[in-house]
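J.: Need a 3D model of the following:
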Amino acid sequence: MTPPDEADPLFERHPHNPILTAADWPYPVNSVFNPGAVRLPDGRTLLLCRVEDRRGISHLTAARSPDGVGHWEIDPRPTFLPDPDRHPEERWGVEDPRLTFVSELDQYAVAYTAYSRGGPAVSLALTRDFRAFDRLGAVLPPEDKDTALFPRPFDGRWAMIPPVDGLLGRAHLDLLLAGPAALGGPPSGDRGAPGRLVGRGEDRSISAPD
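T.: Numbers count the residues shown, from 1 in each chain. Prediction:
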């Protein structure tokens with residue numbers, strides 16, 4: 001058996017170590033970190049970055065590159081701002097996006113942290129082009145974050161997996177199932193009913209599209 005220190009690394013840092021910082025941003029920000037990444041159909045790499053403004057409130061901004069290394073085109077203004085009037089769970093910002101392409105919908109699902117006085121919750125949005133977004137609302141209550149959506153349904157229901165339970169960092173591996181209508185599909189009569197998310201022994205309301 002190959003010793004761990006001699007095994008091939010699972011990941012290797014690019015020799016040019018490409019990093020985007022606040023100095024690269026086309027408008028004044030405090031810091032840039034925690035992006036979600038995806039390869040677009042035209043071959044470009046897109047990063048949806050968490051960007052902290054001068055108040056300490058975070059939003060999301062898209063950056064696109066032909067090779068994922070350089071020549072970044074950063075949106076000249078925030079791509080995805082908090083919307084506290086319609087989504088009070090976003091009052092203190094939106095953070096830490098996780099991107100999944102959902103082929104059945106021909107859209108990208110953005111699982112992100114919505115932050116408010118109650119703590120971090122997980123919200124979902126759908127987009128085709130990372131310019132217009134359809135917010136589905138909060139799907140996991142505080143304190144949950146950093147959740148990923150599986151790219152395909154299981155027995156007609158969508159699944160999410162949150163790796164961390166609360167700010168104390170207790171690991172868990174719960175499978176959360178939502179009915180088809182939760183991601184824009186036709187209504188379902190089973191336990192994963194439209195507008196409900198099921199997990200850890202209890203139902204959680206979500207805002208499904210009409």
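
J.: What's the local residue count around the closest residue to Tyr27 other than its chain neighbours?
T.: Computed as CB to CB, 6 or more residues apart in numbering, the closest residue to Tyr27 that is not its neighbour in sequence is Arg77, at 6.4 Å. Where you see a C-beta, it was placed from the backbone N, CA and C, and this is true even at glycine. Each residue near Arg77 was counted by other CB atoms under 10 Å, and the total is 10.

J.: Ok, Ala62 next?
T.: Considering only other CB under 10 Å, Ala62 is surrounded by 21 other residues.

J.: same thing with Gly137?
T.: If we define neighbours as other CB under 10 Å, then Gly137 has 20 of them.

J.: do Ala111 as well
T.: Ala111: 25 neighbours (other CB under 10 Å).

J.: Check the one 3 residues further on too.
T.: Ala114 has 30 neighbours, counted by other CB under 10 Å.

J.: Can you give me the domain assignment for this structure?
T.: As given by automatic domain parsing, the domain ranges for the chain are 11-79, 98-210.

J.: still on that earlier bit, Val29 is in contact with the residue nearest to Tyr27, correct?
T.: No: contact criterion CB atoms under 8 Å: Arg77 and Val29 do not qualify, at 11.2 Å.

J.: joint contacts of these two?
T.: Common contacts of Arg77 and Val29 (CB atoms under 8 Å, 6 or more residues apart in numbering): none found.

J.: Deepest in the core, which of the domains of the chain is it.
T.: Mean neighbours per residue, mean count of other CB atoms under 10 Å, is largest over these for domain 98-210, with a mean of 17.

J.: what about that one, average pLDDT?
T.: For domain 98-210, mean pLDDT rounds to 69.

J.: before we move on, back to that, can you tell me how far the residue nearest to Tyr27 sits from Met160?
T.: 30 Å (CB to CB, to the nearest Å).

J.: if we can go back for a sec, any chance of CSV for the domains of the chain, columns distance to Trp92?
T.: Compiled in CSV, those are given as follows (distance: least, CB to CB, whole Å):
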stretch, distance to Trp92
domain 11-79, 6
domain 98-210, 4
